[in-house]
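Visitor: I would like to see how this sequence folds:
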Amino acid sequence: MDTTLCPECGALAEVQRRDVMESTDGPVEHAKISCVRRHWFLLPLASLERPRPLEPARNEVRAR
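Guide: Prediction:
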């Protein structure tokens, strides 16, 4: 599954489809995305934001 972030709410969103659309500057790849809060968008692929990987949890308990 290809994921990104919703441009409206920042929640996790799934890339459902990719298509190439013609423009005056040549073909541009677009993606249809939908987020867990039911927003959906058709955006240029270059404008999608990738989710950041989770950082490992730090062990707050120190040995004495």
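Visitor: quick one: stretch 30-43 to chain centroid distance?
Guide: Between the mean C-alpha point of stretch 30-43 and the mean C-alpha point of its chain there is a distance of 9 Å (CA atoms, centre = their mean, to the nearest Å).
Visitor: Quick one: mean pLDDT for it?
Guide: Rounded to a whole number, the mean pLDDT of stretch 30-43 is 95.
Visitor: If we go by neighbour counts, what in that stretch is buried?
Guide: Along stretch 30-43, these residues count as buried under the neighbour rule (16 or more other CB atoms under 10 Å): His30, Ala31, Ile33, Cys35, Phe41. Where C-beta positions appear, they are placed from N, C-alpha and C, glycine not excepted.
Visitor: now, which of those residues sits nearest Glu49?
Guide: For Glu49, the closest of the buried residues of stretch 30-43 turns out to be Ile33, at 10.4 Å, with distances computed as CB to CB.
Visitor: So which elements touch the host helix or strand of the closest one?
Guide: Element membership of Ile33 [criterion: DSSP states H and E] is strand 28-35. Strand 28-35 is packed against strand 12-21, strand 40-44, with contacts defined by 3 or more CB pairs under 8 Å, 6 or more residues apart in numbering; DSSP states H and E.
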